[in-house]
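1. Provide a 3D model corresponding to the input given below.
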Amino acid sequence: MVEARTNPCDARPCGRGRCSVNSTAESVSGYDCNCEVGWRQDVNGSCTVPEVIDVCANVQCVNGRCSVDDTVNAGYTCQCYNTWGVDATGSCTVQDPCSELECGNGRCGIVSEQGDDGLHGCTCYDGWLKDAAGSCTVAELTNPCAEADCGNGKCRVNDTVAAGYTCDCDERWLVDARGSCFIRERIDYCVSAPCMNGTCFSFQNDGGGFLCRCNEGWIRDGQGICSKPLPEKPCETAECGNGECIEEPRAMEGFFCRCSEGWMRDI
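-> Next comes the predicted model:
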């Protein structure tokens with residue numbers, strides 16, 4: 001009886017490959033496996049091992065480098081070098097608009113939510129403003145008088161002093177060590193000897209002024225100055241109305257009126 005031969009490929013031993021009979025003496029299994037693209041043989045010769053493919057082998061990431069990335073359909077992404085960005089195809093062909101923009105005291109970035117290249121610009125740090133070219137080189141001017149306390153005076157901007165301002169004091173007020181107007185000026189109202197025939201006393205309260213104490217034989221006039229001679233008998237011309245005239249050299253008119261009961265002096 002002739003023994004029937006079996007085809008070793010009928011058992012589909014090659015997995016992800018094509019089986020072909022190999023009846024040579026060198027073949028132990030009696031078949032060979034030709035693997036599909038992306039697969040390679042295991043130790044038994046079957047196509048069961050996925051072949052690792054370098055997806056970056058044929059990728060040209062100009063201005064960047066290729067990096068395997070299983071999260072995208074292409075299997076890779078381009079990691080762009082500084083000053084370059086990716087285009088719609090994922091290649092590094094877009095020049096970074098910030099690469100040639102000098103921001104000075106600020107940083108370059110997208111200044112609009114739309115993100116177009118033409119909408120990149122400088123965002124200035126606190127205290128700085130943009131110049132005509134869009135760079136942050138102009139120091140922001142602040143008003144030093146906004147928080148200045150000049151007291152009894154008015155603030156004036158003054159760039160020649162460290163504080164940036166000067167207090168111009170109101171009349172009769174002087175600046176203190178801090179430059180504010182909190183010192184009351186003392187005025188000698190008697191310096192011009194206004195009392196003529198008497199002694200002058202200067203005072204600062206109630207707006208300031210002077211008071212005259214007349215010498216013997218003199219009385220004060222309507223301005224409070226010792227300019228009128230004391231009459232020999234001032235009560236002869238005095239009009240006390242409902243009262244009695246009393247001579248008093250120290251009084252303004254040389255007399256005063258002592259009112260009768262039930263009466264008082266008018267102004």
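
2. what's the burial count for C122?
-> Burial of C122 is recorded as 24 neighbouring residues (other CB atoms under 10 Å). The C-beta positions use only the backbone N, C-alpha and C, and glycine is treated the same way.

3. mind listing what the residue lying closest to it once chain neighbours are set aside touches?
-> Excluding the flanking residues, the one nearest C122 by CB to CB, 6 or more residues apart in numbering is C103, at 3.9 Å. With contact taken as CB atoms under 8 Å, 6 or more residues apart in numbering, C103 is in contact with C122, T123, C124, S135, C136.

4. what's the answer for C19, then?
-> P8, C9, R12, P13, Y31, D32, C33.

5. thinking again about what came up before, please convert the contacts of C103 to TSV, extending it with secondary structure and distance to G179.
-> Written out in TSV, the entries for those read as follows (DSSP: H, G, I helix; E, B strand; the rest coil; distance: CB to CB, whole Å):
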residue	secondary structure	distance to G179
C122	strand	37
T123	strand	37
C124	strand	32
S135	coil	36
C136	strand	32
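
6. which one of those is nearest S67?
-> Compare each of the contacts of C103 with S67 using CB to CB and the shortest gap goes to T123, at 30.3 Å.

7. Touching, that closest one and G104? I think so.
-> No - applying CB atoms under 8 Å, one finds T123 not in contact with G104, separated by 11.5 Å.

8. Tell me which of these two has more neighbours.
-> Comparing T123 with G104 by other CB under 10 Å, the one with more neighbours is G104, at 17 against 13.

9. For the contacts of C103, give me CSV that also has pLDDT and distance to G109.
-> Written out in CSV, the entries for those read as follows (pLDDT from 0 to 100; distance: CB to CB, whole Å):
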residue, pLDDT, distance to G109
C122, 87, 8
T123, 88, 6
C124, 90, 12
S135, 88, 14
C136, 90, 12
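
10. from those, which two are the most distant?
-> By the measure CB to CB, those have their two most distant members at T123 and S135, which lie 11.4 Å apart.

11. Look up the residues that both of those two are in contact with.
-> C103, G106.

12. care to break this structure down by domain?
-> Under the assignment automatic domain parsing, the domains of the chain span 8-50, 64-95, 106-139, 144-184, 198-259.

13. Check the separation of the first and last residues in the longest one.
-> Across domain 198-259, the straight-line distance between its terminal residues is 29 Å, by CA to CA, to the nearest Å.

14. Could you point out which residue ranges in the stretch 1-150 of the chain have low pLDDT?
-> Using pLDDT under 70 as the threshold, the predicted model of the stretch 1-150 of the chain has low-confidence ranges 1-5, 111-119.
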